[in-house]
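> Fold the stuff below for me.
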Amino acid sequence: MDDEFGIVKLLEEVLTDEGHRVLIATNGRQALERAAEKKPALVVTDFMMPVMDGAALVKAMAADALLADIPVVIMSSMSEATVAERSPGYAAFVRKPFNIFAVVDLVAKLTRP
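Down below sits the predicted model:
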């Protein structure tokens with residue numbers, strides 16, 4: 001999930017080509033709604049978004065018994081220290097701009113049974 005359409009489309013196309021089913025949300029509130037409808041194996045989110053940012057999404061998921069065990073990858077151009085201070089509990093951090101191959105490898109690692 002990201003509020004930058006180009007990043008969303010790139011991730012959707014590449015991850016779909018890798019065999020993942022991708023659901024898109026443009027903010028954290030929409031992501032929570034979609035996750036409640038169909039529990040995802042992984043959530044990839046931008047840190048800074050409108051309506052509900054990545055930090056609030058991580059906290060909301062942790063507070064929901066049905067979503068608490070889903071790993072969350074946070075992407076940001078901010079430092080990981082800044083992100084970690086506001087949203088502890090995420091599974092991995094990806095610094096923007098990112099290497100798409102590294103993201104594909106990370107998603108594969110986090111979604112392996």
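> so who does residue 72 touch?
42, 43, 44, 45, 54, 57, 58, 61, 89, 90, 91 (Cβ atoms under 8 Å, 6 or more residues apart in numbering). In short, each C-beta sits where N, CA and C put it, glycine included.
> Look at residue 44 and give its secondary structure.
strand (DSSP: H, G, I helix; E, B strand; the rest coil).
> Show me what it bridges to in the sheet.
Assessed by DSSP bridges, residue 44 has beta-bridge partners residue 73.
> how about it, what does it touch?
1, 11, 72, 73, 75, 94, 103, 107.
> Now do the same for the most centrally placed residue in the chain: its pLDDT.
Closest residue to the average C-alpha location of the chain: residue 44 at 1.5 Å, with Cα atoms, centre = their mean. On pLDDT, residue 44 comes in at 96.
> and it, how far is that from residue 38?
16 Å (Cβ to Cβ, to the nearest Å).
> re earlier: neighbour-wise, give me the winner out of the contacts of residue 72.
Highest neighbour count within the contacts of residue 72: residue 57, with 30 neighbours (other Cβ atoms under 10 Å).
> May I have the residues that are in contact with that residue?
Residue 57 neighbours (Cβ under 8 Å, 6+ apart): 1, 28, 31, 32, 43, 45, 72.
> Switch those over to JSON lines; also include distance to residue 15.
Formatted as JSON lines, the contacts of residue 57 follow (distance: Cβ to Cβ, whole Å):
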{"residue": "1", "distance to residue 15": "12"}
{"residue": "28", "distance to residue 15": "19"}
{"residue": "31", "distance to residue 15": "15"}
{"residue": "32", "distance to residue 15": "20"}
{"residue": "43", "distance to residue 15": "12"}
{"residue": "45", "distance to residue 15": "14"}
{"residue": "72", "distance to residue 15": "15"}
